[in-house]
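Enquirer: Provide a 3D model corresponding to the input given below.
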Amino acid sequence: MTLSALSMEAFTRKLASADPTPGGGSVAAAVGSFGAGLVRMVALLTANAPKYAAVAQRCTEVAQSAQTLSDELLKLVDEDAGAFDRVSAAYRLPKSSDSEKSARSARIQSALGEAIDPPLRVIAAALAISELAAELVDIGNQNALSDVGCAALCAQAAAHGAALNVEINAAALKDRAAARTFTERVHGQLARVSLLAEVILGKLTRDGAHST
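Expert: Numbers count the residues shown, from 1 in each chain. Got it, this is the predicted structure:
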């Protein structure tokens, strides 16, 4: 059974065990999926309300996009854990001879590069969620706008949590140019996610919002 198929209770208990996976990267992906779910919920509540007929089509499209993002992030819960396990396995390879050391080093570097991919995708998805939430806060059902704020916070937490994984793996890369490219890309995306969260929460604080 995959991690994402576990009940919330089972996932939380596994998370709290001495097993290093799932860890922060999987949690970041899961939290991002929660954010996407909230965006989809608000979009559907808006699309299905006659009062919002003028934006129903767009909100239906937002809901579809949010579903795609949620599905992607649930896959990343498992992909991140698998990537971590491969890095750990690479570090456990024998290093008694020069040839073993060379093979071990190459495998570690390859595994580190692979481990950067899932959190990068989490961050990209979190940014997409943030952009959808920023749109919904202006057109969404007024009775559910606080859920849009929660979605934005989930996206922000997911992005920042995933960024920690990118940075720790990039720090161990021997290819420093690639490492800088990864971290610079992440910092730009994080700034955008944080700005969108600030804008969304600012609008909610100013205008007030109701919770579903």
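Enquirer: same for the longest helix anywhere in the chain, what does it pack against?
Expert: The helix that spans the most residues within the chain, counting by DSSP state H, is helix 98-139. Under the contact criterion of 3 or more C-beta pairs under 8 Å, 6 or more residues apart in numbering; DSSP states H and E, helix 98-139 touches helix 24-47, helix 56-91, helix 145-170, helix 176-207. (C-beta placed from N, C-alpha, C; glycine too.)
Enquirer: let me know the angle separating the first one from helix 56-91.
Expert: With axes from the mean of the first three to the mean of the last three C-alpha atoms, to 10 degrees as the basis, helix 24-47 and helix 56-91 are set at 170 degrees to each other.
Enquirer: for the remainder of this discussion, apply numbering that starts at 515.
Expert: Right, with 515 as the first residue, what we last looked at is helix 538-561.
Enquirer: now helix 538-561: how far from the chain's centre is it?
Expert: 10 Å (C-alpha atoms, centre = their mean, to the nearest Å).
Enquirer: name the nearest residue to Arg635, ignoring sequence neighbours.
Expert: On the basis of C-beta to C-beta, 6 or more residues apart in numbering, the spatially nearest residue to Arg635 that is not a chain neighbour turns out to be Leu590, at 5.9 Å.
Enquirer: need the contact list for the one you found.
Expert: The contact partners of Leu590, taken as C-beta atoms under 8 Å, 6 or more residues apart in numbering, are 540, 543, 546, 632, 635-636, 639.
Enquirer: same question, Pro534
Expert: Contacts for Pro534 were tallied using C-beta under 8 Å, 6+ apart; they are 598, 602.
Enquirer: quick one, phi/psi of it?
Expert: Pro534 adopts backbone torsions of phi -70, psi -10, taken as degrees, to the nearest 10.
Enquirer: from His674, how far off is it?
Expert: In this structure, Pro534 lies at 20 Å from His674, with C-beta to C-beta, to the nearest Å as the measure.
Enquirer: what's near enough to touch the residue lying farthest from the centre of the chain?
Expert: Within the chain, Ser611 marks the point farthest from the mean C-alpha position, 40.3 Å out by C-alpha atoms, centre = their mean. Under the criterion of C-beta under 8 Å, 6+ apart, Ser611 has no neighbours.
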